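A.B. asks: What shape does this take:
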Amino acid sequence: MKTLFQPSQNCHRLVKAHRAAVVIDGADYFRALHQAFRRAVSSIFMVGWDLHSEVRLLRDGSAEGYPERLGELIDRLADERPDLQIYLLSWDFAMIYAMEREFFPRYKLKWRSHDRVHFGLDAHHPIGASQHQKMVVIDDALAFAGGLDVSQWRWDTSQHRPRDDRRVDPGGQSYPPFHDVQMVVDGPAAAALGKLVRERWTRSEGDLPDFSDPAEDSDPWPACLAPDFRDIQVAIARTLPEYKEQRQVQEVRQLYLDSIAAARHSIYIENQYLSAHCIGEALEARLKEKDGPEVVVVMPQQTGGWLEQHTMDVLRARLVAQLRAADHHDRLRVYYARLAKDPHCALMVHAKVMIIDDGFLRVGSSNLSNRSMGLDSECDLAIAAGPADTAARETIAAVRARLIGEHLGKKTEDVLRAVEKHAGLISAIESLQGDDERTLVPLDAEISPEVDDWVPESELLDPEEPVAPDKLVDHFVSPEQQPSAFRHALKILILIGAVIGLAALWRWTPLGEWIDIESARAAAEWMQQQPLAPFFVTTAFVLGGLIAIPVTLMIIATVVVFGTWKGLLYALAGSWLSAVALFAIGRWMGRDTLRRFAGSLLNRLSRKLSEKGLWTVITFRIVPVAPFSVINLIAGVSEIRWRDYALGTLIGMLPGVVAVVLLADRIAASLQHPDLGQITLLLASIALVGLGLVGLRRWIKKKRSGTSS
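C.D. replies: Numbers count the residues shown, from 1 in each chain. So this is what the prediction gives:
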């Protein structure tokens with residue numbers, strides 16, 4: 001194993017660490033960070049997928065007079081030490097993660113912090129990629145790298161109690177048990193990582209200011225950590241996508257392939273994901289060998305929230321099925337870690353660890369996903385021990401035993417004895433499993449044919465390189481539907497242009513004088529006074545739905561004619577009746593007739609509408625995925641119950657109708673009386689609608705999480 005590393009091929013550099021240690025779980029890592037920060041002399045660099053200023057690093061009162069929270073701690077250190085420069089670089093995240101991130105981090109970590117605390121959001125990557133490296137470097141003398149971000153939902157002890165009052169996010173909300181691993185190194189290895197984080201900062205934020213070099217006797221190594229290795233060679237492996245002047249680097253990918261190929265007895269893996277094609281093919285080839293290695297994989301029961309469960313879990317299930325089909329010699333085990341039976345509680349495994357035989361240890365940020373192989377930035381550290389490196393081999397075996405013991409609820413010594421006693425790693429684990437609350441349980445990765453059919457191939461959900469825009473278009477809008485989609489977009493643009501043009505003609509030509517505004521107003525007043533006005537309006541909504549007039553335009557017209565409150569009532573009633581009428585028409589027409597018009601869209605929406613009944617209808621109304629009339633017709637041929645559809649439509653449409661009515665009323669008032677008061681009310685209405693949408697989005701996210709769990 002010691003000759004495994006090839007700089008510039010499967011690793012960036014091979015550098016010496018005077019000391020190295022494996023830090024298991026967030027509580028120990030955050031404690032080590034707190035102690036190391038307090039020893040910093042000249043510089044602290046933090047690079048992450050996420051950083052949260054309010055996260056508490058310590059939760060047991062051992063801060064020794066220093067703040068527990070990250071933001072307060074670094075401000076205090078910068079204030080105390082005039083030579084200390086602190087650099088925080090977080091990924092400039094995609095909006096899909098906005099609800100999981102700290103609100104306005106640039107304000108909290110830059111504008112509100114000390115002058116020598118520098119903060120940046122790194123967007124130096126292709127569209128669809130992320131900055132996934134997780135590194136902390138102190139004085140170029142100590143460095144951490146691995147899977148842990150200094151953020152919320154990461155802190156947990158290795159006990160992973162199902163209930164732990166300390167395991168709460170900055171808002172005081174509890175979260176499930178969480179497992180991850182980090183590695184710490186010093187000496188030249190730390191200095192090499194220091195160079196990498198400086199390169200990241202320079203690419204994203206520009207040149208670094210000058211700062212003093214640390215004193216030669218500076219030693220930030222935290223007292224709470226005992227070194228696992230001494231005077232050991234450490235390989236640094238990276239993934240970097242091709243972007244502008246940055247060339248593509250795939251050392252992470254190549255090191256995985258080379259190390260799997262070199263395995264003789266066992267491959268032990270902990271990872272959040274398992275969807276990378278190259279990893280699947282490499283493991284499949286080893287499993288087919290008559291005398292190949294055993295493969296043990298520990299993963300989360302579910303890879304994350306609602307989105308991951310409906311995407312990455314499906315990709316994982318496909319690859320696990322492929323591996324199990326190749327396991328002709330019964331050498332594969334895929335587990336999740338159970339913490340309690342009743343109520344059931346599973347451990348969120350976020351670690352990125354690979355241990356091969358007793359001679360190779362890898363800890364990093366890279367998932368076993370396609371994007372970690374070529375699209376996202378990654379940084380892994382690896383150690384290899386030759387046959388004569390007895391101390392290093394024993395340490396690697398002990399780290400593996402500690403991890404397995406944590407998941408089984410056993411002591412490290414018990415696992416080491418079981419491995420020595422039994423013929424292989426799988427036999428050792430199975431001898432310790434039992435029926436305890438805390439144990440490793442075979443992962444059921446089965447998925448229904450319907451879900452498998454609905455979720456696309458991994459090249460879209462989990463790409464190894466940036467996805468071309470035309471591929472995305474081809475997936476979500478089939479080629480035969482694209483001309484109609486283009487025509488639909490063109491119609492919208494023409495409509496907008498016509499409205500703008502009409503307004504310009506009204507304002508700057510004699511047209512405004514030719515049209516008798518009093519006649520239009522009189523017609524509106526006549527309509528308001530008619531006892532059958534509600535019937536006329538609701539009938540207009542139903543007829544408008546039949547010819548696919550945008551429902552938003554009809555709502556606005558109703559408000560203009562009838563005012564706010566009557567307009568709201570009539571618009572809601574008309575929209576609901578239109579939806580119900582089209583639902584009935586769709587059911588009468590039948591699936592075969594509609595398929596000629598809707599094509600594959602019929603199957604997609606019909607399947608989704610049938611999945612969760614009432615909640616799915618509410619979601620489709622709040623977040624429309626197709627035109628109003630199309631959803632109504634397709635719902636009619638789905639298996640959804642009429643009652644669920646009618647109630648879900650009423651509930652789901654209410655927020656949108658209220659928002660449109662409110663804004664339409666305020667816009668009309670501002671145009672009629674463009675004074676400061678009306679404009680202020682308009683701006684307040686826009687802000688209110690915006691806050692309402694944010695709140696609604698939070699509710700949907702919480703509801704989805706609850707439904708999926």
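
A.B. asks: and the gap between residue 247 and residue 8?
C.D. replies: 12 Å (CB to CB, to the nearest Å). (Glycine included, C-beta is placed from N, CA and C.)

A.B. asks: Please read the previous query as pertaining to residue 320.
C.D. replies: Using CB to CB, residue 320 is found at 34 Å from residue 8.

A.B. asks: For those two, work out which one has more neighbours and name it.
C.D. replies: More crowded of residue 320 and residue 8, by other CB atoms under 10 Å: residue 320, with 22 against 9.

A.B. asks: who's in contact with residue 334?
C.D. replies: With contact set as CB atoms under 8 Å, 6 or more residues apart in numbering, residue 334 has these partners: 297, 299, 320, 323, 324, 442, 443, 445.

A.B. asks: Okay, and which of those residues map to strands?
C.D. replies: Cross-referencing those against strands under DSSP state E gives 297, 299, 442.

A.B. asks: Neighbour-wise, give me the winner out of those residues.
C.D. replies: Within these, most neighbours by other CB under 10 Å means residue 299, with 25 neighbours.

A.B. asks: ok, now which ones touch that one?
C.D. replies: Contacts of residue 299 (CB under 8 Å, 6+ apart): 270, 271, 272, 273, 274, 316, 334, 335, 336, 349, 443.

A.B. asks: so which of those comes closest to residue 652?
C.D. replies: Closest approach between those and residue 652, by CB to CB: residue 316, at 31.8 Å.

A.B. asks: helices or strands up against the helix or strand hosting the closest one?
C.D. replies: Secondary structure assignment for residue 316, by DSSP states H and E: helix 312-326. Contact here means 3 or more CB pairs under 8 Å, 6 or more residues apart in numbering; DSSP states H and E; on that basis helix 312-326 packs against helix 277-288, strand 332-340, helix 449-454, helix 458-461.

A.B. asks: Could you list the domains of the chain?
C.D. replies: Annotated domains of the chain cover 21-217, 264-363+390-456, 467-512, 516-708 [automatic domain parsing].

A.B. asks: re the thing from before, now the ones in strands among the contacts of residue 334 in a markdown table, with distance to residue 228 and pLDDT?
C.D. replies: What follows is the ones in strands among the contacts of residue 334, written out as a markdown table (distance: CB to CB, whole Å; pLDDT from 0 to 100):
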| residue | distance to residue 228 | pLDDT |
| --- | --- | --- |
| 297 | 23 | 99 |
| 299 | 24 | 97 |
| 442 | 30 | 96 |
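
A.B. asks: export those to a markdown table and tack on distance to residue 84?
C.D. replies: Formatted as a markdown table, those follow (distance: CB to CB, whole Å):
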| residue | distance to residue 84 |
| --- | --- |
| 297 | 42 |
| 299 | 40 |
| 442 | 50 |
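
A.B. asks: mean confidence for stretch 256-270?
C.D. replies: Average pLDDT, stretch 256-270: 98.

A.B. asks: in it, what counts as buried?
C.D. replies: Neighbour-count burial for stretch 256-270, with 16 or more other CB atoms under 10 Å as criterion, is recorded at 256, 257, 258, 259, 260, 262, 263, 266, 267, 268, 269, 270.

A.B. asks: Next, find the distance separating the nearest residue to residue 175 once chain neighbours are set aside from residue 184.
C.D. replies: Nearest residue to residue 175 in three dimensions, chain neighbours excluded: residue 153, at 4.8 Å (CB to CB, 6 or more residues apart in numbering). Going from residue 153 to residue 184 by CB to CB gives 22 Å.

A.B. asks: Next: residue 680.
C.D. replies: Distance, residue 680 to residue 184, using CB to CB: 56 Å.

A.B. asks: quick one: which of those two has more around it?
C.D. replies: Between residue 680 and residue 184, counted using other CB under 10 Å, residue 184 has the larger neighbour count: 29 against 11.

A.B. asks: What residues are recorded as beta-bridge partners of the more buried one?
C.D. replies: Counting by DSSP bridges, residue 184 is bridged to residue 21, residue 144.
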